[in-house]
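Engineer: Dropping the sequence and predicted coords here.
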Amino acid sequence: MPKLTIDDMEIEVEAGTSVLQACERLGIEIPRFCYHDRLSVPANCRMCLVEMEKSPKPIASCAMPASEGMVIHTDSELTRNARRGVMEFLLINHPLDCPICDQGGECDLQDQAMAYGFDHSRFQENKRAVTEKYLGPLIKTFMTRCIHCTRCVRFADEIAGVPEMGATGRGEHMEIGTYIEQAITSEMSGNMIDICPVGALTSKPYQFHARPWELKRVETIDVLDAVGSNVRVDARGGEVMRVLPRLHEDVNEEWISDKTRFAYDGLKRRRLDRPYVRGADGKLKQATWSEAFAALAARLNGVPGDRIAAIAGDLVDVEAVVALKDLMAALGSPHTDCRQDGAAIGGGPRAGYLFNTSIAGIEDADAVLLVGANPRHEATLINARIRKTWLASDARAPLPVAQIGEAVDLTFRTQHLGTGPETLQAVADGAHPFFQVLKDAERPMIVVGMGALARPDGAAVLATARRLAESVGAIGDDWCGFNVLHAAAGRVGALDAGFLPGPGGRDVAGILNGAREGALDLVWLFGADELDMSAFGAPGEGPVVVYQGHHGDRGAARADIILPGAAYTEKAATYVSLEGRVQQARQAVFPPGEAREDWKILRALSEPLGHRLPYDTLAQLRARMVDLNPVFGRINTLVPVDWGAFGADGAMDAAPFVGPVANYYMTDPISRASETMARCVDEILGGQRAAAE
């Protein structure tokens, strides 16, 4: 390992380490614009110049490998003059419009100009101007500010896998943009805003809405997919102004999906902000909480427990699920389920419904089989990890990735083996060549999506995938390559809490059939909007439908009683990611109007129902959660799981696997209420459909 001297301090680093990285290990800050830890090194901004003894001129520290005997000076007169010169050149054509720039206060160019620049300019000629580029409904461009660091180009090509950004022209005529004016089609395009070191790329929905010093910052968890991305919510007053990524190397690194970043405007539209009760005339009317509770108590009076059912939706938090589970148990109802799509998971060992490899563990896999899964739309950051692993593999023997199901573009090379269970059966039986690929791999990984499990034969598909994992050696002491890909943030937490049918209880399909047949008198929809609402009939004809949630979506449209709850940014809550990581969200703003946190609604309701829940504070409720399942006490920890039998033997249908996400931008009540997501559907998906036609 080479040993070098930096500012009179000796350091030994691994071969291939750059001088810039060596400086950072010593705590020495090196300014940079083009360099980024997760992108390739172009060395084109020259801001990171340092002096190296025996070199005739300063060197670009980001691109210079550390070598034995180097002597580096990072604060010499030569270094300072070089950086001042670079900064002067960078500002020659910059418009210096900081007072009106959305990047103001968070701009790398501002910070480094203060630290390393001149206090005046010697440039007298007219500045150049570049026309605004159209990049879609999410990214606003001011390309006159661009300093040609090419971070956006490299991100689109290397991380997102959608090489739609590039540079045209040379010298002063160079411009960054799309070759043909069009919307960026990546589900991760918003990250280009974060990595842009100037105000050339800013958030179009956030444009001119707030200044960073006006905002209250709260670190919390995203729930619009099951990855559990760590985010920071910036709010002003009672309104969420933006959502930004938060660094967590084992989950989302420093990226988030576009839906996570931009769907926040759905939090203020179509909100349920007060209780409603359907009157004798068949219309929903505003009510007080006391009136809503009294109406619900009257509807439940004398109703036996076996005629009551509850379905938990996809965005529910663990606290509220546990409270609803306890309330349903007190009412004597065994009919509870959290699998809106009917997925055949849960009820067995935890390994049967987790992403056991872990998100970070994807990078250790050397063969991947996707069964009925489209991670690009169902869990964008999972797809990015697989792409990262694929890129890091040997170009002469790239990571083998195969799909069974719909043939979709995942931004990396895949093999399409087939569309349905017959192909999965052939691989499991060893009759398909990809069986040997998995068998020969040291760490094979199998990912089963909801497109394969949310079907009548889902239990048989699950059992077949389990047997395949066992037969190819994907299950071992230090590696578990069997994974279930969830798209619902509340699903794993509800399964861990045991929100499943009790003895003799109905699952979701049974509850819907019971509603059609008149076997149920009351159905509680807890944020459950992805159901066939026609099963409940018209108001006054079918069972009483109680909807508890935060948006006026499909469930609220059919409800007889509406109890307004809080969205994920409006409560302190626990969620469990698809890999089984327990994380806690924090409250950023208050719920609107009369809306309240869901567990508090259930606790208050339990008294007029005559079944008082035994917890009055969040701490008491969380203690109850730990009693129910100790995993809820292991915050931000991956708890080892035991392997066991799950799934059920049986015949598999010949129907092909169909992905559960038809429209990436609208998958839940929040994103369906978002104007920004609606524009994405029109401009991005609409453009893709037009191009296909």
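Structural biologist: Ah, there it is.
Engineer: Could you use CA atoms for every contact and neighbour count after this?
Structural biologist: Fine.
Engineer: Spatially, what comes nearest to Ala673 if we skip its sequence neighbours?
Structural biologist: Leaving aside its chain neighbours, Ala673 sits nearest to Gly266 (4.5 Å; criterion: Cα to Cα, 6 or more residues apart in numbering).
Engineer: Could you list which residues are in contact with the one you found?
Structural biologist: 670-675 (Cα atoms under 8 Å, 6 or more residues apart in numbering).
Engineer: What is the neighbour count of Arg38?
Structural biologist: 12 (other Cα atoms under 10 Å).
Engineer: and what of Ala426?
Structural biologist: Using other Cα under 10 Å, Ala426 is surrounded by 14 other residues.
Engineer: swap in Ala604?
Structural biologist: 16.
Engineer: Then Leu90?
Structural biologist: By the criterion of other Cα under 10 Å, Leu90 has 20 neighbours.
Engineer: Please apply the same query to Pro245.
Structural biologist: Other residues close to Pro245 by other Cα under 10 Å number 24.
Engineer: show me what contacts the closest residue to it other than its chain neighbours?
Structural biologist: Take Pro245 and drop its neighbours on the chain: the residue closest to it by Cα to Cα, 6+ apart is Val231, 4.4 Å away. Val231 makes contacts with 219-222, 243-246, 256, as judged by Cα under 8 Å, 6+ apart.
Engineer: follow-up on the earlier one: can you confirm the residue nearest to Ala673 is in a helix?
Structural biologist: Yes - judged by DSSP: H, G, I helix; E, B strand; the rest coil, Gly266 forms part of a helix.
Engineer: Quick check, pLDDT for it.
Structural biologist: On pLDDT, Gly266 comes in at 96.
Engineer: The one 10 residues further on now?
Structural biologist: Tyr276 is assigned a pLDDT of 97 by the prediction.
Engineer: wait, doesn't it sit right on Glu291?
Structural biologist: No - contact status for Tyr276 versus Glu291: not in contact, 9.0 Å apart, counting by Cα atoms under 8 Å.
Engineer: Looking at those two, which has the bigger crowd around it?
Structural biologist: Set Tyr276 next to Glu291 and count neighbours by other Cα under 10 Å: Tyr276 wins out with 24 against 14.
Engineer: Quick check: bridge partners of the more buried one?
Structural biologist: Beta-bridge partners recorded for Tyr276 (DSSP bridges): Gln286, Ile562.
Engineer: Return the distance of it relative to Val546.
Structural biologist: The span separating Tyr276 from Val546 equals 10 Å under the rule Cα to Cα, to the nearest Å.
Engineer: Need the residues touching each of those two.
Structural biologist: By the contact definition Cα under 8 Å, 6+ apart, Tyr276 and Val546 are jointly contacted by 560-563.
Engineer: so which of the residues you listed comes closest to Gly347?
Structural biologist: Lowest distance from Gly347 to the shared contacts of Tyr276 and Val546 (Cα to Cα) belongs to Leu563, with 29.4 Å.
Engineer: who's the residue nearest to Pro245 bridged to?
Structural biologist: Applying DSSP bridges, one finds that Val231 bridges with Thr220, Pro245.
Engineer: Thanks a lot, catch you later.
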